[in-house]
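K.L.:
Return atomic coordinates for the entry below.
(one chain, ligands or ions: 1)
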Amino acid sequence: MISRIVKKINKAINHQVIVLMYHRVSELETDPWQLAVSPNNFEEQLQVLKESFKVISINELNQQMRSGKIKSDGVCITFDDGYRDNYRHARPLLEKYDCPATFFISASYIAKNRQFWWDELENIILHSEELPADLSINIGHRPYTFKLGDIILTHEIRQKHRYWNYLDPFPSQRCELYFQLWELIQPLLQNQIEQSIGELKKWASYTKPAKEEDLPMNKKELKEMFSSPLFTMGTHTLNHQLLPAHSKQIQQYEIVECRNWLEDWSGKKIDLISYPYGNYDINSLAVIKEENFRTAFTCEESLTTKKTNSTTIGRFQVKNQNGSEFKKQIKHWLKFN
Ligand SMILES: [Zn+2]
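P.N.:
A predicted model of the protein is given here:
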């Protein structure tokens, strides 16, 4: 009887922290991976977090985990990739509501001021006004062919693309092509990724420059961002590589080079990492242990408790929801995890 009461009380207190994962704070024409939250919705979400939860930094989470005392109602905010809209739209709102946040950065994209490959692929396949009917290329030495019916991007197809995400059936052949190419390109080495994207651009005669806001932050923005005590930086590997697709040596290079680059210009110690695409293997875990990373984040939807392993902390991807939808979503996550 007593143990039942204790259990009930423990459940009510909820000694668990929920780590949220964001990518973009922006309005996008298409968003196959549901990465973007509009600035309005982001503000409403922060209001919900401030009213009903305790927004804590990753540092605070680490301290709680180390002491074995996880406080109730804690929420951590994290961002992956390092998009410019984080600086333009998320930063002022996080400051307005005094919310700490951690940003995981892929250094080479910032150093090269280059658009992320999946966004380039989306632009080529989903946004080109016209595409050739036959595609025949090598992707990482593998021949790939596709016969395209939706050559012209009609108003109707454009509308279908607006609401499509990867969980839905393909509303057009272009979506099918996009998804197949994404799956083939994702495990490649960075130079092969760049080569494949280059060949696809040639095939599509795609010459539009990237929109300013779709690029990653530049160094100046990154510097300004991390001069604020509210924000913490972590690595997201040098080239945003799918770690388990590569050898331990490559994983080590990707993780360490990114950390060194970030540490060199910021003068700060970087010991946080989020695995690109949330994926890791035994070699990734070995590298982060050898390199003394303190905390590592996945995309597995799990709450953080005192039993959570600090090298595989789960996160919940936030969707483009308004305040009340978001509040319901968090309550659902807390109840069913
Ligand atoms: Zn990422």
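K.L.:
how distant is stretch 246-264 from the center of its chain?
P.N.:
Between the centre of stretch 246-264 and the centre of its chain there are 18 Å (C-alpha atoms, centre = their mean, to the nearest Å).
K.L.:
Actually, stretch 118-137.
P.N.:
The answer for stretch 118-137 is 23 Å, by C-alpha atoms, centre = their mean.
K.L.:
And for stretch 51-68?
P.N.:
Offset of stretch 51-68 from its chain centre (C-alpha atoms, centre = their mean): 21 Å.
K.L.:
mind saving the C-alpha coords of it as CSV?
P.N.:
Extracted C-alpha coordinates of stretch 51-68, given in CSV (Å, rounded to 0.1, in the frame of the first residue of the first chain):
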residue,chain,number,x,y,z
GLU,A,51,4.1,29.8,-18.2
SER,A,52,4.0,26.1,-17.6
PHE,A,53,7.5,24.7,-17.4
LYS,A,54,11.0,25.6,-16.4
VAL,A,55,13.3,26.2,-19.3
ILE,A,56,16.8,25.1,-18.2
SER,A,57,20.2,25.1,-20.0
ILE,A,58,22.0,22.0,-21.0
ASN,A,59,24.5,22.9,-18.3
GLU,A,60,21.8,22.8,-15.7
LEU,A,61,20.5,19.5,-17.1
ASN,A,62,24.0,18.1,-16.8
GLN,A,63,24.3,19.2,-13.2
GLN,A,64,21.0,17.6,-12.4
MET,A,65,21.9,14.3,-14.1
ARG,A,66,25.3,14.2,-12.4
SER,A,67,23.8,14.8,-9.0
GLY,A,68,21.0,12.2,-9.7
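K.L.:
Other residues contacting that stretch?
P.N.:
Residues outside stretch 51-68 that contact it (C-beta atoms under 8 Å, 6 or more residues apart in numbering): 17-19, 49, 70-71, 73-78, 97, 99-100, 102, 232, 234, 272, 294-295, 304, 306, 308, 310, 327, 330. (Glycine included, C-beta is placed from N, CA and C.)
K.L.:
Buried by neighbour count: which residues of that stretch qualify?
P.N.:
Going by neighbour count (16 or more other C-beta atoms under 10 Å), the buried part of stretch 51-68 is F53, V55, I56, S57, I58, E60, L61, N62, Q64, M65.
K.L.:
Show me which of those is closest to L121.
P.N.:
I58 (30.9 Å; C-beta to C-beta).
K.L.:
So which residues of this protein form strands?
P.N.:
Counting by DSSP state E, the chain has strands at residues 17-22, 24-25, 36-37, 54-55, 74-81, 101-105, 134-139, 142-147, 231-235, 272-274, 295-297, 316-317.
K.L.:
Include mean pLDDT and distance to L334 when you put those into TSV, please.
P.N.:
Shown next, in TSV, are these (pLDDT from 0 to 100; distance: least, C-beta to C-beta, whole Å):
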stretch	mean pLDDT	distance to L334
strand 17-22	97	7
strand 24-25	98	23
strand 36-37	98	19
strand 54-55	96	13
strand 74-81	97	10
strand 101-105	98	20
strand 134-139	95	42
strand 142-147	95	43
strand 231-235	96	24
strand 272-274	98	22
strand 295-297	97	18
strand 316-317	98	10
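K.L.:
need the contact list for the residue minimising distance to the centre of the chain.
P.N.:
A centroid search over the chain (C-alpha atoms, centre = their mean) returns D80, at 3.6 Å, as the residue closest to the centre. By C-beta under 8 Å, 6+ apart, D80 lies in contact with M21, Y22, H23, F104, H236, S274, P276.
K.L.:
what about the nearest residue to it once chain neighbours are set aside, how many neighbours?
P.N.:
In this structure, D80 finds its nearest non-sequential neighbour in F104, 4.9 Å apart by C-beta to C-beta, 6 or more residues apart in numbering. F104: 25 surrounding residues under other C-beta atoms under 10 Å.
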